[in-house]
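Quick one, fold the following:
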Amino acid sequence: MSRITHFLMPELPEVEAAARLLREVAVGRTIRAVHRSHAATRRALPDDAVTRLVGRRVTSVERRGKHQLLTLDDGAVVHAHFRMNGDWHVGSASDEPPRHARAALDFDDGLRLTLVDSRALATLSLHSPGASPLPTLGPEPTDAGFDAASLGAALRGRRGPIKPVLLDQRVVAGLGNIYAAEALWRARVSPRAPANGIGPARLARLAAAMRDVLTEAIEKPGRYRTGEAAVTMHVYDREGEPCTRCGTMIRRIVQAGRSTYFCPRCQAR
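Predicted structure coming up:
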């Protein structure tokens, strides 16, 4: 058995797909052995954590924003965070480790779940029962109660450009560089517009666009290197190509160290 997803810069839809994979392959299985093949992984998952993991059964998997939480039968929680390009590989404990393997959980039936990451930024850590491993997170755009009012409240007092503000997980959880650019294009909002200066009509369009682009991607998680179908990207990574709505050439600027793609006509300030 082998399965690898190869996400690029995982955001909420990709991490949701990963959480669904974890529910499929990990829940109900008992951890037989733990492997750590990188110094950063050994720091995040020290020897005593490995000892506590062995013999524990995975009872549930949850996702919050870009974070994956595996609850064990003693109430402890394994926290997995892909960061820039982490990924899961599912195979057999008898297989050769996949390239860029950073940590692995062997289960009692011979299945192996491996955390792979070419940049070695992805993390795996163990937390005691009742201790939350999560940082402060804002609402998710796919939450039932997320709307223009909740988005406006999150943006209140934020005077910076809207695109970098949307990447702050304390404002909205799960949105990253790619889907933020796509949502702003759908809503016809300039990425350089002051976050706290967006009016009610544009807030409503933006909240709906954020929800819609993430929902579509959850149902059809994209950007696989393996060539599987992805949601259509209208601006991201399309510098110099015509806007699919008006034909104007897509531009790229740098905001807070990240590339921002937008249509200068559809998203005029």
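
Next up, the contacts around S118.
85, 99-100 (Cβ atoms under 8 Å, 6 or more residues apart in numbering). (Glycine included, C-beta is placed from N, CA and C.)

Let me know the helix or strand that it is in.
Secondary structure here is read from DSSP states H and E; on that basis S118 sits in neither a helix nor a strand.

just to revisit the earlier point, looking at the contacts of S118, state which has the most neighbours.
Counting neighbours by other Cβ atoms under 10 Å, H100 comes out on top of these with 19 neighbours.

Could I get the full set of helices for the stretch 51-200 of the chain?
For the stretch 51-200 of the chain, the helices defined by DSSP state H, counting those that start in this stretch cover 148-155, 162-166, 177-187, 200-219.

tell me the angle the third one makes with helix 200-219.
What separates the directions of helix 177-187 and helix 200-219 is an angle of 130 degrees, with axes from the mean of the first three to the mean of the last three Cα atoms, to 10 degrees.

average model confidence for helix 177-187?
Averaged over helix 177-187, pLDDT sits at 97.

residues in contact with it?
Residues contacting helix 177-187 (Cβ under 8 Å, 6+ apart): 9, 11-13, 141, 162-163, 166-167, 175, 190-191, 202, 205-206, 208-210, 212-214, 217, 223, 233-236, 258-263, 266-267.

Can you tell me which of those are buried?
With burial judged by 16 or more other Cβ atoms under 10 Å, the buried subset of the contacts of helix 177-187 is 11-13, 141, 162-163, 166, 175, 190-191, 202, 205-206, 208-210, 212-214, 217, 223, 233-236, 260-263, 266-267.

Chain neighbours aside, what residue packs nearest to T136?
R170 (5.2 Å; Cβ to Cβ, 6 or more residues apart in numbering).

which residues touch that neighbour?
Counting by Cβ under 8 Å, 6+ apart, R170 touches 135-138.

Specify the local secondary structure of L22.
helix (DSSP: H, G, I helix; E, B strand; the rest coil).

Sweet, I'm off.
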